[in-house]
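[1] turn this into a model:
(one chain, ligands or ions: 1)
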Amino acid sequence: MSNASNQPEDMKNKPKSYWQQKLEPNTFFVTRCSGTEAPFTGKYWDNHLPGIYKCSNCGQPLFDAKDKFDSGTGWPSFTRFEGDSVESRTDNSHGMQREEVVCKHCGAHLGHVFEDGPEPTGLRYCINSASLDFHEDKVRK
Ligand SMILES: [Zn+2]
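    Numbers count the residues shown, from 1 in each chain. Below is the predicted model:
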C-alpha cells in the first residue's frame, strides 16, 4: 500500500498478475475476478462501528459507516459512496442486467448497486467485505 502511485491510470492498468501477488486469494477472487462472497460470511456485514471503509486493493476511501444500513442480505450495504470514489458499469453476466460498482481509483470489483435502498438516495450498494478495508473512527461516535 505504501508504494501506491498517485496516478489513477497506473493502478487501473496493472496486470492481473500484479494483484494476484499483492492480494490474499479470496480478495483477489472477489475484486479481480468479479467474485461474490457467500452472504453472512464476510468481515463487515454485521459491523456497526463508526469509521471509513477503504478499498482493499488501493486504500481509496469508498464508504462512510454512517451510510451503512442493515439490508438483511448478509452483505455490507450502503446508501451512497464517498465523494468521487466509485463508478458503475452495466454487468450482463449470469443472465441478469445489473449495475456493477468498481473502485474508480484501481478498478477493483466491489459489488452491485440496486434501486431498492432506503432514503435519501433510494440506492443500495451491495458490497463484498473482501473489497473493503475498514478503519474504525475512534473519536467520532
Ligand atoms: Zn481501489
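
[2] can you pull the phi and psi angles for the residue nearest the centre of the chain?
    Central residue of the chain (C-alpha atoms, centre = their mean): Leu110, 3.5 Å from the mean position. Main-chain dihedrals, Leu110, degrees, to the nearest 10: phi -110, psi -40.

[3] which residues does the strand or helix carrying Glu100 contact?
    Here Glu100 sits within strand 98-103, counting by DSSP states H and E. With C-beta atoms under 8 Å, 6 or more residues apart in numbering as the test, strand 98-103 has contacts from 34, 55, 57-58, 60, 62, 81, 85-91, 108-114, 125, 127, 131. Where you see a C-beta, it was placed from the backbone N, CA and C, and this is true even at glycine.

[4] mind listing which of the residues you listed are in strands?
    Mapping these onto strands (DSSP state E) picks out 55, 62, 86-91, 109-114, 125, 127.
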